[in-house]
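J.: Could you look at this predicted model? Sequence included:
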Amino acid sequence: MQPGPRCVTISSVDFGRAYDEVGAFLSTAGFHCAVVGGVALAAYGCPRMTLDLDLATEAEAQGELVRFLESRGYSTLHRSSGYSNHLHADRSLGRVDVVYVQGDTAARLFGGARILTGPGGRPIAVPRPEHLIAMKVHAMRNAPDRTWQELVDIAYLLRLDGVNRDEVKRYFERADLLERWHALERGF
């Protein structure tokens, strides 16, 4: 199964506009930007309801990015070393959630990113399916209530051509979630 241009995400948020603003800022500031979450899944051909734009960038970008978002009218809802969440009063700009990565993780994530068709037909950088799965495994470990939705998304990503199942299995092993991997192998 190959990703295709049928990538639509159902929401009232103008993900293209939000991505253009944030992506342009990060690029100008010398940082990488990759789309993760529901919009990334849509770029891989799996449209689903999402209410936020999830992005990944380098950890060093956090201070500048938070200041930029706040200058553009976003309120910061949460900020920690690895994440920040921002909400705009204009519903079309919606919510932007950012994952901050560093070191080897950043090098692998951005070095392996693919350019796919995103919101409004614009090209967007999206991590390899294996890296999206790693994020979803991490989310399951930290928020077990998200397990079933994450497993559905992971099952879809595993069906894409060329996904390295051994690499994915290692992510489950490292998170002590090997029983979830076995559930995926059995089809839940």
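T.: Arrived safely.
J.: Where does pLDDT dip in this protein?
T.: 1-11, 188 (pLDDT under 70).
J.: show me where it has strands.
T.: With DSSP state E as the definition, the chain shows strands at residue ranges 34-36, 52-58, 74-79, 83-88, 95-101, 114-117, 123-126.
J.: For those, could you give me a markdown table that also reports mean neighbour count?
T.: Heads up, the C-betas are built off the backbone N, CA and C, glycines and all. A markdown table is the format used below for these (neighbours: other Cβ atoms under 10 Å):
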| stretch | mean neighbour count |
| --- | --- |
| strand 34-36 | 24 |
| strand 52-58 | 24 |
| strand 74-79 | 14 |
| strand 83-88 | 19 |
| strand 95-101 | 21 |
| strand 114-117 | 15 |
| strand 123-126 | 20 |
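J.: Can I get those strands in CSV including distance to residue 18?
T.: Listed next are these as CSV, based on distance: least, Cβ to Cβ, whole Å:
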stretch, distance to residue 18
strand 34-36, 10
strand 52-58, 5
strand 74-79, 10
strand 83-88, 8
strand 95-101, 6
strand 114-117, 17
strand 123-126, 12
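J.: how close does residue 175 get to residue 108?
T.: According to Cβ to Cβ, to the nearest Å, residue 175 and residue 108 sit 17 Å apart.
J.: And residue 134, by the same measure?
T.: From residue 134 over to residue 108 (counting by Cβ to Cβ), the distance is 9 Å.
J.: Residue 143 too?
T.: Taking Cβ to Cβ, one finds residue 143 at 23 Å from residue 108.
J.: and what of residue 79?
T.: Taken as Cβ to Cβ, the span from residue 79 to residue 108 is 25 Å.
J.: For stretch 25-42, buried residues please.
T.: 25-26, 31-42 (16 or more other Cβ atoms under 10 Å).
J.: distance between the ends of that stretch?
T.: Using Cα to Cα, to the nearest Å, one end of stretch 25-42 lies 23 Å from the other.
J.: Can you report phi and psi for residue 31?
T.: phi -110, psi 150 (degrees, to the nearest 10).
J.: check contacts around the spatially closest residue to it that is not a sequence neighbour.
T.: Computed as Cβ to Cβ, 6 or more residues apart in numbering, the closest residue to residue 31 that is not its neighbour in sequence is residue 61, at 4.2 Å. Applying Cβ atoms under 8 Å, 6 or more residues apart in numbering to residue 61 gives the contacts 26, 29, 31, 100.
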